[in-house]
Structure formats: structure tokens, C-alpha cells
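Novice: sharing a model prediction with you, sequence too.
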Amino acid sequence: MVSALDIPWLAPIFMSPIAGSFVGVLVRRLPRGQPVAWARSQCESCQRPLVLTDLVPIASYLALRGRCATCHAPIAPFHLAIELAAVAVAVWATTVGQDAAWLWTACMLGWGLLALSWIDAEHMRLPDALTLPLLAAGIAAQTMLASERFTESVLGAIVGYLGFRAIALTYRKCRGRDGLGGGDAKLLSVAGAWVGWAALPDVILLAAVFGLGLAVVMKMRGRTIDRVAIIPFGPCLALALWIVYLYGPLLFGSR
């Protein structure tokens, strides 16, 4: 008889909608300073506390046809979208590796980056409440997977933060204004913790390419892109880190 232990990708994919639901709570509540763990979920229109049948990820939204069971107001598609995004993260990870420990750590990283990216895209901030635990988790995960990676992970976190701060200070001196935030520096520190200092050039290069692509898309959609335009760089860094973590350094160094 085949058990879940024989199919290491089954549990992460099964748990991914639940993870997505929690990520949605983080995205909604952290920027507003609301409690995450103890406050009950409720309808955003009639404020009715949600019951268990309202909270089944993906299934409840589809069963209710995207409307509150009491007031029939539309449920924000955000909830379905972020749960499906969390599933996509898990599925993507399973296409790269099949080892259970690696899969779980990859999914944890992907779900954390999903939350940070969504918050930065909506609020232009990367909260310490997410970046700092993800930094610590990166050092712990790399040490757990291979104890000799501890030093490289810690060094990567330090180099990532100080390197990005140096770039930010240089930008400010040349342009006379801030262009790169402290949250971005902490996210690059997270990248160093997860992939090591040697892979940081790949992360930075990919993030810059994604940033340029985002600017082009925003301009095509009618957004004015000039020297003072504000573009969220967190999602670009997050996607770059995710790709380098999954596939290893693409241009510099080796996996």
C-alpha cells in the first residue's frame, strides 16, 4: 500500500491551500497592524464571523460562488488568487526536487516570498515581521540540509545586507534622494541566507532584469515612469531569489 511518505510531494501540495489562506491573512492584516493569530476571520461586508465551512481554502470560495453566505456580498477574489498562488509555489517546487526535506523548505521560502511580494506590491513596504523570521529560517534550513552551509549562509546574510545598503547609499549620494529601501536590503540579506553569498550576483542581476520588465509593463499600462517614479522592487528580488534557490546560480558560481 502506498503511503504519503512514499510520495514526498503529496503533503506540500495538499497543505499549500491552507498555507495560502494563512499568507492571505498576513497580507491583509500585517500592513494594518492587526493581530494575525488570535482575531477571528469575518465577512468584510457584514462583519459576520466566519465558520469552519466558510474557511476551507479554495473549496469554500467556489461552493459559495464568491459571495458571503449571509449578506451575499462579493468575496474579494484576492482570497482565491493567493490560495491558488500558494498551490502554484508548491507545484513549481515539486518539478525541481523530490526530496521531502528540501521540498518543505522550498515551499516555506516560496510562501514567505509570496507574502512579502504581495505586501510590497500593495503597500510599498517589506515588514520586519516577515523578513527577519525568513532570514533566521534560511540559516536554520541551510544548516539542517547540510551543516557545512552554516558559515556560508550567515556570511551571505551579512554580505547581502551590507552590499545592498552600500548600493542604496551610493544611489542617494548620486541622485540626492532615496531609491532603494531598507526593506529591500533586508530581503537581499534573506537571499544571502538561503542561497549563500556567492549566488548574490545572480539574484541582483535577475532582480534588476525583472525590475526593468516591471517598469516596461507599468509604462504600457499608462503609468508615468520617470526618475522619481516609485516601483516596488521587493517582488523582483523575491522572484529572483526563488529562481536561484530552485535552479542554482545561473551566471556566476556553481550550485
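Specialist: Cool, got the structure.

Novice: so how far is the helix or strand of the chain with the lowest mean pLDDT from its chain's centroid?
Specialist: One helix or strand of the chain scores below all others by mean pLDDT, DSSP states H and E: helix 149-175, with a mean of 84. Counting by C-alpha atoms, centre = their mean, to the nearest Å, helix 149-175 is centred 20 Å from the centre of its parent chain.

Novice: in that helix, what's buried?
Specialist: 149, 152-154, 156-157, 159-161, 163-165, 167-168 (16 or more other C-beta atoms under 10 Å). For every residue, glycine as well, the C-beta is placed using N, CA and C.

Novice: so which residue is smack in the middle of the protein?
Specialist: Nearest to the geometric centre of the chain sits Leu113, at 1.2 Å (C-alpha atoms, centre = their mean).

Novice: next up, the contacts around that one.
Specialist: For Leu113, the contacting residues are 134, 238-239, 241-242, by C-beta atoms under 8 Å, 6 or more residues apart in numbering.

Novice: domain ranges for this protein?
Specialist: 1-123, 126-255 (automatic domain parsing).

Novice: so for the shortest one, mean pLDDT?
Specialist: By that I understand domain 1-123. Mean pLDDT, domain 1-123: 87.

Novice: ditto for stretch 190-204
Specialist: 94.

Novice: one more: stretch 237-254?
Specialist: 85.

Novice: what's that stretch in contact with?
Specialist: By C-beta under 8 Å, 6+ apart, stretch 237-254 touches 92-93, 96-97, 106, 109-110, 113-114, 116-117, 184, 187-188, 190-191, 194-195, 198-199, 201-207, 210, 255.

Novice: same question, stretch 15-28
Specialist: 34, 36, 41, 55, 57-58, 78-79, 82-87, 89-91, 107, 111, 114-115, 118-119, 122, 130.

Novice: mind doing that once more with 7 Å?
Specialist: 36, 57-58, 78-79, 82-83, 85-87, 89-90, 107, 111, 114-115, 118-119, 130 (C-beta atoms under 7 Å, 6 or more residues apart in numbering).

Novice: of these, just the buried ones, ChimeraX syntax please.
Specialist: Those of these that count as buried under 16+ other C-beta under 10 Å are selected in ChimeraX with:
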select :57,58,79,82,83,85,86,87,89,90,107,111,114,115,118,119,130
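
Novice: for this structure, just list every one of the helices.
Specialist: 10-29, 59-63, 78-94, 100-123, 128-145, 149-175, 182-195, 200-220, 234-247 (DSSP state H).

Novice: in TSV: the ones you listed, plus distance to His72.
Specialist: Putting these into TSV (distance: least, C-beta to C-beta, whole Å) gives the following:
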stretch	distance to His72
helix 10-29	21
helix 59-63	14
helix 78-94	16
helix 100-123	26
helix 128-145	34
helix 149-175	48
helix 182-195	39
helix 200-220	35
helix 234-247	34
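
Novice: now, of these, which is deepest in the fold?
Specialist: Highest mean neighbour count among these (mean count of other C-beta atoms under 10 Å): helix 182-195, with a mean of 27.

Novice: angle of that helix against helix 149-175?
Specialist: 150 degrees (axes from the mean of the first three to the mean of the last three C-alpha atoms, to 10 degrees).

Novice: tell me what angle helix 182-195 forms with helix 100-123.
Specialist: Using the same axes, to 10 degrees, helix 182-195 lies at 170 degrees relative to helix 100-123.

Novice: now helix 182-195 - C-alpha only, PDB.
Specialist: Taking Å, rounded to 0.1, in the frame of the first residue of the first chain, the C-alpha atoms of helix 182-195 are listed here in PDB:
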ATOM      1  CA  GLY A 182      15.900  49.300   4.000                       C
ATOM      2  CA  GLY A 183      13.300  46.500   3.500                       C
ATOM      3  CA  ASP A 184      15.000  45.700   0.200                       C
ATOM      4  CA  ALA A 185      18.300  45.400   1.900                       C
ATOM      5  CA  LYS A 186      16.900  43.000   4.500                       C
ATOM      6  CA  LEU A 187      15.300  40.900   1.700                       C
ATOM      7  CA  LEU A 188      18.700  40.600   0.000                       C
ATOM      8  CA  SER A 189      20.000  39.600   3.300                       C
ATOM      9  CA  VAL A 190      17.300  36.900   3.300                       C
ATOM     10  CA  ALA A 191      18.600  35.900  -0.100                       C
ATOM     11  CA  GLY A 192      22.100  35.500   1.100                       C
ATOM     12  CA  ALA A 193      20.900  33.300   4.000                       C
ATOM     13  CA  TRP A 194      19.100  31.000   1.600                       C
ATOM     14  CA  VAL A 195      21.500  30.800  -1.300                       C
END
